[in-house]
Each structure stands twice: as C-alpha cells, then as structure tokens.
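Colleague: Sequence and predicted structure below; questions after.
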Amino acid sequence: AMTDQCWMPHGEALFYLFGTNDREEVLEKFRLIATDTNRIVAAQPSLVRVRQPTKIYGDIHGQLRDLLALFAEFGFPSHRGGDVETVTYVFNGDFVDRGEHQMEVVALLFSLKVCFPSRIFLLRGNHEFRAINHLMGDQGYFSQCSNFFGENNTQVEASVDSTPSELTSSYSSSSSASSS
C-alpha cells in the first residue's frame, strides 16, 4: 500500500486542488478562500442548530486520503451527485498537524464552507491554534506551510489561527434540541 509520504508529495495535491503549479498563485487563492471563510463564519451565530441528517467527521489531522476515502464511502458534499442539498456536514476540529496534506485538508474544508455555508460547519479543535501547531515541530501546520511557501508562509499559516473563534461553535441537531 502507498503511504501518505509517497502519495502526491511535495505539494502535488495542493497544486492539483488549485489547478496551478505556481506557488504564488496557490498562495493567493488560499488567501482568498481563507478570507471568504472568515467572512462567512464571522457572520454565523456561535451556536448553530444543524438540520438532520448530519454527517460528523473529526480528527482529520491532515490526512487528505483518509478524508477522501470517507467521502467515497459515505458520500461527498457536492452539488453534482453528492448529498449536500439534503445532508449537513460537521467537521469537529483538529484538521491539521501530523498528516502529510494539512494545507490540502484546510483548503478543501474552507472551500466546502464557502460553497455550502449553511450545510458545512467547521469547529475549531486545539490543533487549529497557533501555539499547539507550533509545538508539533516538523509535523505541524506551521512547519508544512514554511516548507511549502517559504517566507510567505505566515499568510497561509495564519489562515487557520486567524479564522474567527466562531469555528469553536457548538452545534445541536434539530431533533435532539427539540426532544430536550
């Protein structure tokens, strides 16, 4: 079996997701997605009631292949053949640190939030705070951003840390809230 280190290494997945091999263009697109995500999340309440059915994912830790495998098995949030019009998706934090494709996971989740703001909910975990991902050393989001973007890394690295605290939102499902 292929390991994550061998699957689309050195930013290949990020280049693919953004449709370019130009790092500056990837950086600019990443910043735009992060800005849009910040705007959307800041405008939403910190306590949300999500509609059922709901799919809940957590502790992705930069494992893009695992996330894509889960989507393949249980449905992908897409308007083309996906179930996002009828299903709410909640991502319970810890999107980054440890995995080989941390920036790609953030880019995908932020893009989904921008495309489907009322169906995708992102909850910040402890690894989305700068202090924690700096402690992760070479396995951390900061390190991965530094290795890929060099001196421009702070713009992307800050995209997770600077996302409003609304990412720490609580959520309740419609049926469990009504049964209390």
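Modeller: On my side now, so go ahead.
Colleague: all strands of this protein, in order?
Modeller: For the chain, strands defined by DSSP state E occupy the ranges 47-50, 54-58, 88-92, 120-123, 170-173.
Colleague: low-scoring pLDDT stretches of this protein, where are they?
Modeller: 127, 152-180 (pLDDT under 70).
Colleague: Would you state the helices of it in chain order?
Modeller: 12-18, 23-43, 64-74, 102-115, 130-135, 141-149, 153-161, 174-179 (DSSP state H).
Colleague: Could you give the separation of the fourth one from the chain centroid?
Modeller: This means helix 102-115. Taking CA atoms, centre = their mean, to the nearest Å, one finds helix 102-115 lying 4 Å from the centre of the chain it belongs to.
Colleague: Outside of that helix itself, list whatever touches it.
Modeller: With contact meaning CB atoms under 8 Å, 6 or more residues apart in numbering, helix 102-115 is reached by 11, 13-14, 17-18, 30, 33-34, 36-37, 40-41, 60-64, 67, 77, 79, 89, 91, 95-96, 99, 120, 122, 141, 144-145, 148, 156, 159-160. The way it works is simple: take the backbone N, C-alpha and C, and place the C-beta from them, glycine included.
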